[in-house]
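K.L.:
Need a 3D model of the sequence below.
(2 chains)
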Amino acid sequence: MRDFDFEIVMGLEVHAELHTKSKIFCGCTTEFGGEQNTHVCPVCLGLPGVLPVLNEKVADYAMKAGLALNCKIASFSKFDRKNYFYPDLPKAYQISQFDLPIASGGYIDIEIEGKKKRIGITRVHMEEDAGKLVHGGGSLAYAGYSLADYNRTGVPLIEIVSEPDIRSIEEAIAYLDLLKAILEYTEVSDCKMEQGSLRCDANVSLRPWGQKELGTKTELKNMNSFKALQKALEYEIERQAEVLREGGKIIQETRMWDENKGETISLRSKEEAHDYRYFPDPDLPPIIISEEWVERIRQTLPELPQARQIRLVESYGLPSYDASVITGSKAMADYFDQACSAYGIALPAGQSTDDKGKERAKQISNYMMGELSRRLNASDQGYQDSPITPENLVELLTLIEGGTISGKIAKTVFDEMFESGKKPKQIVEEKGLVQISDEGAIAAVVSEVVAKNPQVVADFKAGKDKAVGFFVGQVMKATRGKANPGLVNKLLMEELKKQ
Amino acid sequence: MALTKEEVQHVAKLARLELSEDEVDKYTVQLNAILEYARKLEALDTTNVPPTAHAFPLQNVMREDKVTASMAQEKVVSNAPDEEDGFFKVPRIV
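P.N.:
Numbering: from 1, shown residues only, chains lettered A, B, ... in the order given. Got it, this is the predicted structure:
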């Protein structure tokens, strides 16, 4: 990566909303949306005299995420108040964790062009989310006033801080991608970026190649999609490079990605901003975590994305590209495993299926990665709400495998399944799509077609290969695509030889 | 090491307090007296004492993940200095 005159050094801070029913310190619902200021109570509004009490699921989930990210779990952890004034924070402090986070010292291994790279996880800590500000008078910069909705205030978050190990935009995307998959697999967060349940900040600095000391960094906020992360990093890296090339200095500051303008904008410089005067929250007693508790959570860890990817390659002989795409989302991987069960080829880890099973697995994979993903994307749906269930997809594949329908007819059936959610057998029966495999019936059509076209028979005899294609097309047309293509070919060649 | 006037001004700014010159002088003296008093603790040997985060012998106080009723919107905004359509109306920021 010497095609750029600076070495890029980045770390990501990812906030994930935990998938609990109630908020972190009170019983208000965490449900997304809702009319403004209807999911709030005296505790999350920070009214005087209230007592926040920790939701036990928050500690469980934070621990589960920590374990999935190969972290050490603290035996003693506590909450602290982070003090700052901002209208999305009704208490004027956020309950967070400062020096004793619940988990620290982990890593995940990303893959870049087939090579593994380890990205360190500095820490995972628990905190409460802030409210939402709606800005009057259009965009943020021109707003005359702001409107505060505190429904999101107190929704549990974990913040996952990486080490400054990331060296390219590609690595940053791969890291966020894998982190998101891990959080989805562990089911601690639904990771819906479009609803803000997964948010990403980035610390970015540049230094001349070979220099040991880190350059001055800026912190980028407000990147709410993978595309935004990519564009914001591209912009910020180029901005910093230009400043440095002209002999200027980078100012340590927080910058916000403005999606509409396509640039990062300075929000505040660090000197005035980073004096949060943390102190232990006296309302919340510390958390003492026993080995038994950690073990209990460890037992709930599912098979993680990378282990699952390896299993799909080893058990079903899938190409590793297929396996990586399928395991990239938990819903897609679950769909694949359910389809394998329905097809009778599911295996426990460590075992490998025979050639027949591998062929079936590849058929499932082909349909998923091709037609099914295309249709789901086009209708903005995920695998969890696919109109075609894994069982119905397998029924379709069984119909093709058994010769009941041709591959061509299968496409028609597939479209109908996606539209109506009906079972393929029913569609085939209703529309009379069963493949004709009756030799007598096909032979009759073949001889009729041949008899009608003496000129093409002459072409065939003169050695024109196209003639065969013409006859196959005519037979298919006469049978509305239902004739078994193998039989058509065989009987046609027999008939032509007789001429 | 005594607290300087600049540090008092900085702390006041963080707490959104507007202090006059006289007040800064007065509080610099008073805050230094408080710090001096607290500094007596430094005489103790705390080599083997872990930092204390909480004074009460309580731990792992938690609640079940259960949803309870929230407040009615009109009650929520009844304390707001300014309100619009069920939102708290606040001065523009940034």
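K.L.:
burial count for the closest residue to residue A:106 other than its chain neighbours?
P.N.:
Nearest non-adjacent residue to residue A:106, counting by CB to CB, 6 or more residues apart in numbering or on different chains: residue A:71, 3.3 Å away. Every residue, glycine included, has its C-beta placed from N, CA and C. Here the number of neighbours of residue A:71 (other CB atoms under 10 Å in any protein chain shown) works out to 22.
K.L.:
repeat for residue A:257
P.N.:
23.
K.L.:
does it sit in a helix, a strand or a coil?
P.N.:
strand (DSSP: H, G, I helix; E, B strand; the rest coil).
K.L.:
That one touches residue A:266, doesn't it?
P.N.:
No. Residue A:257 is beyond contact range of residue A:266, at 11.8 Å (criterion: CB atoms under 8 Å).
K.L.:
center of the chain, which residue is that?
P.N.:
Because you didn't say which chain, this covers chain A. residue A:329 (4.6 Å; CA atoms, centre = their mean).
K.L.:
wrong one, I was asking about chain B
P.N.:
residue B:15 (8.0 Å).
K.L.:
in the stretch 351-499 of chain A, which spans are helices?
P.N.:
Assigned by DSSP state H, counting those that start in this stretch, the helices in the stretch 351-499 of chain A fall at A:355-367, A:373-378, A:390-401, A:407-420, A:424-431, A:439-452, A:454-461, A:466-478, A:485-498.
K.L.:
Now do the buried residues in the second one.
P.N.:
This points to helix A:373-378. A:373, A:375-376 (16 or more other CB atoms under 10 Å in any protein chain shown).
K.L.:
who does the strand ranked longest in chain A pair up with?
P.N.:
When chain A is parsed with DSSP state E, its longest strand is strand A:115-128. Paired with strand A:115-128 in the same sheet, following DSSP bridges, are strand A:103-112 (antiparallel), strand A:156-162 (antiparallel).
K.L.:
Now do whatever helix or strand comes next after it, average pLDDT.
P.N.:
Downstream of strand A:115-128, the next assigned helix or strand under DSSP states H and E is strand A:132-135. Averaging pLDDT along strand A:132-135 yields 84.
K.L.:
what about strand A:132-135, near chain B?
P.N.:
Yes. For strand A:132-135, a contact with chain B is found by CB under 8 Å from any CB of the partner chain, at A:133-135.
K.L.:
Quick one, which of the residues you listed are buried?
P.N.:
A:133, A:135.
K.L.:
Which residues of the stretch 201-350 of chain A lie near chain B?
P.N.:
Counting by CB under 8 Å from any CB, the positions of the stretch 201-350 of chain A adjacent to chain B are A:267, A:275, A:277, A:280, A:282, A:284-288.
K.L.:
Out of these, who's the most crowded?
P.N.:
residue A:287 (25 neighbours).
K.L.:
Quick check: closest non-adjacent residue to that residue.
P.N.:
residue A:77 (4.7 Å).
K.L.:
any idea how far residue A:248 lies from residue A:7?
P.N.:
18 Å (CB to CB, to the nearest Å).
K.L.:
Who has more neighbours out of these two?
P.N.:
More neighbours surround residue A:7 than the other of residue A:248 and residue A:7, with 18 against 10 (other CB under 10 Å).
K.L.:
Report the mean per-residue pLDDT for the one helix or strand that one maps to.
P.N.:
Taking DSSP H and E as the criterion, residue A:7 maps to strand A:6-17. The predicted model gives strand A:6-17 an average pLDDT of 97.
K.L.:
Also stretch A:404-423?
P.N.:
pLDDT averaged over stretch A:404-423 gives 90.
K.L.:
Outside of it itself, list whatever touches it.
P.N.:
A:367, A:371, A:375, A:387-388, A:392, A:395-396, A:399-400, A:424, A:427-428, A:431, A:433-435, A:481-485 (CB atoms under 8 Å, 6 or more residues apart in numbering or on different chains).
K.L.:
Show me which of those residues are buried.
P.N.:
Buried, going by 16+ other CB under 10 Å: A:367, A:371, A:375, A:387-388, A:392, A:395-396, A:399-400, A:424, A:427-428, A:433, A:435, A:481-484, out of these.
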